[in-house]
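Novice: Coordinates only, no sequence provided:
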């Protein structure tokens, strides 16, 4: 729930009718602000103390970057919304053990990065800059909103041999629906926000708003895709990864787990092992993981688990 939602709702709905420009700016300001800042956990400290830490700037904001290994065979790790790079510690450790070089970042307003907000355009620029610095990625491993943002960047020139999504957001419309529901604002407010993004933030990219969805133009990502999603995920519906699996067709494999939720999936040993095996494999892998109480078949899930 957004703070002071009734007052904000009334203000935005009224402003959208008489002052669409300010309404769009205010709505966007609320939309891109994380609800809280995740803290470093004790089990994450050792790895991140050993990282080569750096800084970069996107759109006037500071980003904190992390790198490990000798720089060869880089793998990009992308955190989700209101999260941080350290939540992907298990993947970084497993990749290091195989001789790969993990690369990660805290987006503005997340983790150790200063600021109060970020957005999908900034994520794209961060990923593009890291691609410029480190070269083509062996794989990109992304969680939640990070998967949406990564696929946006991967359709805009960033190159990777493989993509792994965990609890992925596939549709930008899902985020908008959650924002509308949280505040109770009119559709007119969303139109004002879209106008603000297209006119003010990306004036040189006509129709950029329609390109945010990770299921748009999937053919632009010519890489195999592995998706993990838990049936009990209470943050991102299972249907979001199913949407991506359908969009990417035969390039995608979809593994459904049970009992890991939206966050524990990032630490599950079998998920981590299967994801890293896929990310570092030569031929396309056929991953399999064990869910509590039963086996999940390798390859694309063709069943109809609960969303």
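Specialist: Looks like it came in fine. Predicted, not measured: the structure shown is a model, and the values here were computed from it.
Novice: Was I right to think residue 136 contacts residue 159?
Specialist: Yes - judged on CB atoms under 8 Å, residue 136 makes contact with residue 159 at a distance of 4.4 Å. Glycine gets a C-beta too; all of them are placed from N, C-alpha and C.
Novice: more crowded one of those two?
Specialist: The neighbour comparison of residue 136 against residue 159 (other CB atoms under 10 Å) goes to residue 159, with 13 against 10.
Novice: which one is residue 242 nearest to, not counting chain neighbours?
Specialist: residue 254 (6.9 Å; CB to CB, 6 or more residues apart in numbering).
Novice: What distance do you get for that neighbour to residue 226?
Specialist: Going from residue 254 to residue 226 by CB to CB, to the nearest Å gives 8 Å.
Novice: can you check residue 196 too?
Specialist: Residue 196 is 36 Å from residue 226, by CB to CB.
Novice: Then residue 255?
Specialist: Look at residue 255 and residue 226: by CB to CB, they are 7 Å apart.
Novice: related to what we said a few turns ago, what is the burial count for the residue nearest to residue 242?
Specialist: Residue 254 has 23 neighbours, counted by other CB under 10 Å.
Novice: thinking it is in contact with residue 241, fair?
Specialist: Yes - here residue 254 reaches residue 241: they are 6.3 Å apart, a contact under CB under 8 Å.
Novice: tell me the pLDDT at the residue lying closest to residue 34 once chain neighbours are set aside?
Specialist: Nearest residue to residue 34, sequence neighbours excluded (CB to CB, 6+ apart): residue 82, at 4.1 Å. At residue 82, the pLDDT value in this model is 97.
Novice: the helices in the protein, which residues?
Specialist: Ranges of helices within the chain are 5-18, 20-31, 45-49, 89-97, 120-134, 145-154, 172-183, 187-196, 238-248, 269-280, based on DSSP state H.
Novice: in the fourth one, what counts as buried?
Specialist: Read that as helix 89-97. 89, 90, 91, 92, 93, 94, 95, 96 (16 or more other CB atoms under 10 Å).
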